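Student: Curious how this folds, go ahead:
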Amino acid sequence: MEGIAIEDGFPADRLFGQGFSYTYDDVIFLPHFIDFPADAVDLSTQLSRNIRLSTPCVSSPMDTVTETSMAVAMAALGGIAIVHYNNAASEQAAIVRSAKSRRVPFVSDPVFRSPSDQILSAEEFGSSPFVLLTESGSSKSKPVGLVWSVDWLNSPEKSAPLSSHMVALPPAVPSSYDFDQLAVYLSENEHNCVPTVSEESGEIVDVITEEDIGRIRRYPKLGLPSLGSDGRFLVGAAVGTREQDKERLQHLVKAGADVVILDSSQGNSSYQIEMIKHVKLNYPNLEVIGGNVVTAYQAQNLIQAGVDGLRVGMGSGSICTTQEVCAVGRGQATAVYKVASIAHQSGVPVIADGGISNSGHIVKALVLGASTVMMGSFLAGSTEAPGAYEYRDGRKVKKYRGMGSLEAMTKGSDARYLGDTLKLKIAQGVVGAVADKGSVLKFIPYTMQAVKQGFQDLGASSLPSAHSLLRNRVLRLEARTGAAQVEGGVHGLVSYEKKAF
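Tutor: Down below sits the predicted model:
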């Protein structure tokens, strides 16, 4: 009948107030009204109270996800990486320092040798098209030239000292040069490569080739990079909550870390609250993000302690078994909504950590109240993830492991699970492998375009707009039955090839 309002779907407070623990696949948003193009959607957001990003993506502090290459790529894309701490404090600080010394979206990772050295196999070049020669053969020594792999392969005297294959290096430029500056320099000076050097130490940071420039230009155009007030890439780091982590924190601050995440599977603890207060007292300009939390009660405790951001998720990652082993956690959709609802009242941004398998999950996490999404498996297996590729059953893969796996715990990550003092170690994660995804410089821009289209369907032109529509009960959701989830995916085909772009 005309004039009768139709109640369609549920507002978020009703759907998530029924006592069910929903994950992303369990819920679906109903479409709203479109009055703007997808490209008009603004995904810029807050990582923490005082750090703003143009892309709502954060790489997880896992030792098979985030080191230097991931850190520079994520910053170049407008997101941020959080460097893992499953290593010595000096090693973690070196990764942060290395990432912040660059302004290009990749790491060339050259092999260093001395002029008197020999190369006996092409494998010694690694993935680099050259070896870099320095006086002593180390990265800290004065550079004297380089040897191109193609020249060595074509030489009849392969066993000769590298000095006999060496060509001179072009003049170096500061490592503060960004991608466009380097491209112009190579073009104008007709060089096929250029070394970049640290303005602080004078050491070689990278050697950028014409091939590198061409490869990056073939990727989608990068957005606004994540830069600090000093013009350097934003880089974050994870720390624990033990007494020795206070010393690690000192190393990270000296290395230039812009934000630290207190890394714990259950963040509502006296240890974390004490560490939050320590950070705010001794490093008042350093942003500190607490977690992990999944309830409003947990979140409120950390907010009162002074956090600048909250990390949400417990047992939702693809390699995490916390819910199975400990019977504690929460469905990620419910966790994000509940924590974001309380965090919003204090102006504290929320990071949705875990459970991201596709662009639709990102849309759901952000609209349910998160300001950013933290990704592990979604980024693992990429060119920028640590580790070497190998072939399994004909597929190119990289190792991916949970920080709660026994393998990771042997390197120190058991402190994350408050288990470093226990005699018996219980795993809360597994070790696996993920398929090669290519470069994040390619698939993240395509993923963000899909997210923009999701926001358009919801009538939200920005994250604040989406959050406002959700809180004002304009956006509606429904729970999905198992059959609805099957229907929403690919089904009924004998075979198919699934490509996102």
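Student: Give me the neighbour count for residue 46.
Tutor: When neighbours are counted by other CB atoms under 10 Å, residue 46 registers 20. Where C-beta positions appear, they are placed from N, C-alpha and C, glycine not excepted.
Student: er, residue 77 actually
Tutor: 26.
Student: give me every residue that touches it.
Tutor: Listed by CB atoms under 8 Å, 6 or more residues apart in numbering, the contact partners of residue 77 are 55, 57, 105, 222-223, 225, 440-441, 444-445.
Student: next one: phi and psi at it?
Tutor: phi -80, psi -10 (degrees, to the nearest 10).
Student: for the stretch 201-350 of the chain, what are the low-confidence residue spans?
Tutor: Scanning the stretch 201-350 of the chain with the threshold set as pLDDT under 70 gives 317-319, 321.
Student: same thing with the stretch 401-501 of the chain?
Tutor: Applying pLDDT under 70 to the stretch 401-501 of the chain flags residues 401-431, 495-496, 500-501.
Student: how about the helices in it?
Tutor: For the stretch 401-501 of the chain, the helices defined by DSSP state H, counting those that start in this stretch cover 406-409, 440-457, 463-471, 482-488.
Student: Present those as JSON lines; the columns should include distance to residue 343 and mean neighbour count.
Tutor: Formatted as JSON lines, the helices of the stretch 401-501 of the chain follow (distance: least, CB to CB, whole Å; neighbours: other CB atoms under 10 Å):
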{"stretch": "helix 406-409", "distance to residue 343": "29", "mean neighbour count": "20"}
{"stretch": "helix 440-457", "distance to residue 343": "21", "mean neighbour count": "20"}
{"stretch": "helix 463-471", "distance to residue 343": "11", "mean neighbour count": "19"}
{"stretch": "helix 482-488", "distance to residue 343": "29", "mean neighbour count": "11"}
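Student: Format those as JSON lines; extra columns: distance to residue 364.
Tutor: Shown next, in JSON lines, are the helices of the stretch 401-501 of the chain (distance: least, CB to CB, whole Å):
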{"stretch": "helix 406-409", "distance to residue 364": "28"}
{"stretch": "helix 440-457", "distance to residue 364": "8"}
{"stretch": "helix 463-471", "distance to residue 364": "11"}
{"stretch": "helix 482-488", "distance to residue 364": "13"}
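Student: and of the ones you listed, who's closest to residue 9?
Tutor: With CB to CB, the closest approach to residue 9 among these belongs to helix 463-471: 12.1 Å.
Student: Show me which residues of the helix or strand containing residue 187 are buried.
Tutor: With elements taken from DSSP states H and E, the one containing residue 187 is helix 179-189. Neighbour-count burial for helix 179-189, counted by 16 or more other CB atoms under 10 Å, picks out 179, 182-183, 185-186.
Student: Looking at those residues, which is nearest residue 26?
Tutor: Nearest to residue 26 among the buried residues of helix 179-189: residue 179, at 41.6 Å, using CB to CB.
Student: for the closest one, what are its contacts?
Tutor: By CB under 8 Å, 6+ apart, the contact set of residue 179 is 76, 103-105, 213, 216, 222.
Student: Now, those residues that are in helices?
Tutor: 76, 213, 216 (DSSP state H).
Student: Can you flag the buried ones in those?
Tutor: 76, 213, 216.
Student: of these, closest to residue 378?
Tutor: Distances from residue 378 to those, taken by CB to CB, are shortest for residue 76, at 17.5 Å.
Student: Report the contact partners of the closest one.
Tutor: Counting by CB under 8 Å, 6+ apart, residue 76 touches 104-105, 179, 222, 225, 233, 441.
Student: please redo it, this time with the cut-off set to 6 Å
Tutor: When contacts are counted by CB atoms under 6 Å, 6 or more residues apart in numbering, residue 76 touches 105, 222, 225.
Student: Next: residue 268.
Tutor: Residues in contact with residue 268 (CB under 6 Å, 6+ apart) are 298, 301.
Student: So it versus residue 290, what's the distance?
Tutor: Residue 268 sits 9 Å away from residue 290 when distances are taken as CB to CB, to the nearest Å.
Student: Also residue 52?
Tutor: According to CB to CB, residue 52 and residue 290 sit 19 Å apart.
Student: so the residue nearest to residue 139 when sequence neighbours are not counted bridges to which residues?
Tutor: Nearest non-adjacent residue to residue 139, counting by CB to CB, 6 or more residues apart in numbering: residue 112, 5.3 Å away. As for beta bridges, residue 112 partners with residue 132 under DSSP bridges.
Student: Go ahead and flag the most central residue of this structure.
Tutor: residue 59 (1.3 Å; CA atoms, centre = their mean).
Student: Need the phi and psi values for it.
Tutor: Phi and psi for residue 59, reported as degrees, to the nearest 10, are phi -90, psi 140.
Student: which residues touch it?
Tutor: Contact analysis of residue 59 by CB under 6 Å, 6+ apart lists 65-66, 70, 74, 81, 379.
Student: still on that earlier bit, please convert the contacts of residue 76 to TSV, extending it with distance to residue 238 and neighbour count.
Tutor: Below are the contacts of residue 76 laid out as TSV (distance: CB to CB, whole Å; neighbours: other CB atoms under 10 Å):
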residue	distance to residue 238	neighbour count
105	22	24
222	25	18
225	22	22
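Student: Pick the one among those residues closest to residue 170.
Tutor: Set against residue 170, the nearest of these by CB to CB is residue 105 (21.1 Å).
Student: and the gap between the closest residue to residue 372 other than its chain neighbours and residue 359?
Tutor: Of all residues not flanking residue 372 in the chain, residue 56 sits nearest, at 4.4 Å (CB to CB, 6+ apart). Separation of residue 56 from residue 359 (CB to CB): 12 Å.
Student: more neighbours, those two?
Tutor: residue 56 (25 against 19).
Student: Let me know whether the more buried one touches residue 46 as I believe.
Tutor: No - checked against CB atoms under 6 Å, the pair residue 56 and residue 46 is beyond contact range at 9.2 Å.
Student: Just the terminal-to-terminal distance for stretch 448-468.
Tutor: In stretch 448-468, first residue to last residue: 21 Å (CA to CA, to the nearest Å).
Student: Need the residues that contact it.
Tutor: 29, 31-34, 36, 38, 40-42, 45, 359, 362-363, 366-367, 469.
Student: I am finished for the moment; much appreciated.
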